[in-house]
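A.B. asks: With the input below, show me the fold.
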Amino acid sequence: MKNFFTTLSHIWKIEDLRVRLTNTLLFLLIYRVGSFVVLPGVVYSTLSNTNGKEGLVGLLNMFAGGSFSRASIFALGVMPYISASIVVQLLGIAVPYFAKLQKEGESGRNKINQWTRYLTIGITALQAVGYVKSQIGANQISPAVGVATFNIMSVFILTAGTLFVMWLGEKITDKGIGNGISLIIMVGIIAQLPGAFAREFEVRTNGAGGLVTFIVEILGLIGVVMLTILIVQGTRKVGVQYAKRIVGNKQYGGVRQYIPLKVNAAGVMPIIFAQALMFIPAYIPQLFPSIATNPVVMSLASYTSWGYNILFAVLIIVFTYFYTAITINPSQMAEDMKKNGGFIPGIKPGRTTADFIDGVISKITLPGSIFLAIIAIIPAIVTLIGVNNLFARFFGGTSLIILVGVVLDTLQQIESHLLMRHYDGLMKTGRITGRTAIPTSAGSTPPVI
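C.D. replies: Residues are numbered from 1 along each chain as shown. This next block holds a predicted model:
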């Protein structure tokens, strides 16, 4: 405990880190305050306390930090931006123009980000229309405003709200600590945790299973958290030998290091991508009421159905491979290794090394992706066996993976700032001593989100 407070004091002493943490907290505070600002014209007293807290709509509400059920100006959150990012990254595979932009470095990324913003506006506008039509009834609109005026005005406000949240996320990434969009989602999820915990405790202590059942649930949650941390932090170490070089009177190389290939190199992004696509079936009945009773549509709109969870798991596995492929470039890693005089023992430099690294990544990505898929569908399982819907979302699933992944990523960034200034970090067990990882640009996360 003493070391922990000593580390906090070190964080406060580093001006750059202190400023970044302060900026992050300030931007997140702005987001949380804005999530309580209700759309102009909505009579707040007519909104139900349970509105938007059940089923798939409840997941939307969680990712929006409760803004969805409060008819807030941030009701749509950042999910339209994430959906737009998915589309643009898929275009990078199918359309030569976007594939070329991905290879143009900083200028290409700027153009891709611009296209993503344009697409976000269109997606947000469509979702805003569906939200206003399905979530806000005529009896909840002030007579002084009028339904037609309210609908038009709300679409513009909701679109502007999502763009503002997107801007906040980019500012956090640029001037704060951690991935801004992921932190905004994490804060929205954490905001729902106290209420979910209190509700489950009340239900269990009032006779539905008793206190023992509640304790078993908490122990189960702790176990899932530990397994999630294990898979998020798990790495496959590939040994690398560097040839000796003598420059002047100094000797360089001649040491054995390793490349730490993460089992879950894609982090939380496959879950977020898959969840963003799974929100689409929930909007189909709202936009096209004539097919709302179709069995397939109904199945995909219910997050406890077999159809929804099977498709959700498949999407997670696919996106894990997809995001790993665009995040880690084995050919670039092999080329950088060759330029620095490094080689993997028993493997020829160049193309053979790239194929070897690619094979290792493929092998470790499969169990990692399956684990993510299993964790993601646990909430549906525990809901069916009696855990209340709100608390079940923290019992594994998307919420837990995002919380664990974002917290660990943020702590690692703080750790890097401390270690650069020769301070002990917050995560001593994660430090590399004696042998260091090979820094390569191929393993960095694209600044799309």
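A.B. asks: Every contact and neighbour count from this point should use C-alpha atoms.
C.D. replies: Will do.
A.B. asks: in what helix or strand does Ile284 lie?
C.D. replies: helix 280-287 (DSSP states H and E).
A.B. asks: Toward the C-terminus, what is the element adjacent to that helix?
C.D. replies: helix 295-300.
A.B. asks: Can you give me the buried ones in that next one?
C.D. replies: Within helix 295-300, the residues that count as buried by 16 or more other CA atoms under 10 Å are 297-300.
A.B. asks: helices and strands around it, which ones?
C.D. replies: helix 280-287, helix 306-327 (3 or more CA pairs under 8 Å, 6 or more residues apart in numbering; DSSP states H and E).
A.B. asks: gap between it and the chain center?
C.D. replies: 26 Å (CA atoms, centre = their mean, to the nearest Å).
A.B. asks: How about residues contacting stretch 393-403?
C.D. replies: If you take CA atoms under 8 Å, 6 or more residues apart in numbering as the criterion, stretch 393-403 is touched by 182, 186, 189, 193, 221, 224-225, 228, 268, 271-272, 372, 375-379, 382.
A.B. asks: Output it in PDB with nothing but the alpha carbons.
C.D. replies: This file holds the C-alpha atoms of stretch 393-403, laid out as PDB (Å, rounded to 0.1, in the frame of the first residue of the first chain):
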ATOM      1  CA  ARG A 393     -24.100  -7.500 -18.200                       C
ATOM      2  CA  PHE A 394     -21.200  -7.100 -15.800                       C
ATOM      3  CA  PHE A 395     -21.000 -10.900 -15.200                       C
ATOM      4  CA  GLY A 396     -18.500 -11.300 -18.100                       C
ATOM      5  CA  GLY A 397     -19.500 -10.200 -21.500                       C
ATOM      6  CA  THR A 398     -18.800  -7.100 -23.400                       C
ATOM      7  CA  SER A 399     -18.800  -4.800 -20.400                       C
ATOM      8  CA  LEU A 400     -16.200  -6.800 -18.500                       C
ATOM      9  CA  ILE A 401     -13.900  -7.200 -21.400                       C
ATOM     10  CA  ILE A 402     -14.000  -3.500 -22.200                       C
ATOM     11  CA  LEU A 403     -13.500  -2.600 -18.500                       C
END
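A.B. asks: if we can go back for a sec, including mean pLDDT, distance to Phe27 and mean neighbour count, could the helices and strands packed on helix 295-300 go into CSV?
C.D. replies: Converted to CSV, the helices and strands packed on helix 295-300 look like this (pLDDT from 0 to 100; distance: least, CA to CA, whole Å; neighbours: other CA atoms under 10 Å):
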stretch, mean pLDDT, distance to Phe27, mean neighbour count
helix 280-287, 70, 29, 18
helix 306-327, 86, 27, 19
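A.B. asks: Indicate which one of those is closest to Leu90.
C.D. replies: helix 306-327 (9.2 Å; CA to CA).
A.B. asks: and after that closest one, which helix or strand comes next?
C.D. replies: helix 330-339.
A.B. asks: what's that next one packed up against?
C.D. replies: helix 351-384.
A.B. asks: which parts of the helix it packs on are buried?
C.D. replies: 353-354, 356-358, 360-361, 364-366, 368-373, 375-380, 382-383.
A.B. asks: Phi, psi for Gly41 please.
C.D. replies: phi 100, psi -10 (degrees, to the nearest 10).
A.B. asks: so who does it touch?
C.D. replies: Gly41 neighbours (CA under 8 Å, 6+ apart): 141-142, 144-145, 150.
A.B. asks: from those residues, which single one is nearest Phe214?
C.D. replies: Nearest member of the contacts of Gly41 to Phe214, counting by CA to CA, is Ile141, at 40.8 Å.
A.B. asks: contacting residues around the residue nearest to that closest one when sequence neighbours are not counted?
C.D. replies: Among residues not flanking Ile141 along the chain, Val42 sits closest, at 4.8 Å (CA to CA, 6 or more residues apart in numbering). Val42 sits next to 71, 140-142 when contact means CA under 8 Å, 6+ apart.
A.B. asks: ok, now with 7 Å
C.D. replies: 140-142 (CA atoms under 7 Å, 6 or more residues apart in numbering).
A.B. asks: do you know how far it is from Val145?
C.D. replies: 9 Å (CA to CA, to the nearest Å).
A.B. asks: swap in Ile317?
C.D. replies: Ile317 is 47 Å from Val145, by CA to CA.
A.B. asks: what do you get for Ala334?
C.D. replies: 63 Å.
A.B. asks: Ok, Glu415 next?
C.D. replies: 52 Å.
A.B. asks: So for the two, which sits in the more crowded spot?
C.D. replies: Legend: neighbour count by other CA atoms under 10 Å for Glu415 and Val145, higher for Glu415 (21 against 14).
A.B. asks: Quick check, pLDDT for the more buried one.
C.D. replies: Looking at Glu415, its pLDDT reads 80.
A.B. asks: Spatially nearest residue to Tyr321, not counting backbone neighbours?
C.D. replies: Thr365 is the one closest to Tyr321 (CA to CA, 6+ apart), at 6.9 Å.
A.B. asks: Could you give the number of residues near Glu104?
C.D. replies: Residues near Glu104, counting by other CA under 10 Å: 12.
A.B. asks: Show the model's pLDDT score for it.
C.D. replies: pLDDT, Glu104: 79.
A.B. asks: Equivalent analysis for Arg421, please.
C.D. replies: 67.
A.B. asks: Same question for Pro289.
C.D. replies: Looking at Pro289, the pLDDT reads 69.
A.B. asks: And the one 10 residues further on, by the same measure?
C.D. replies: Predicted confidence (pLDDT) at Ser299: the value is 75.
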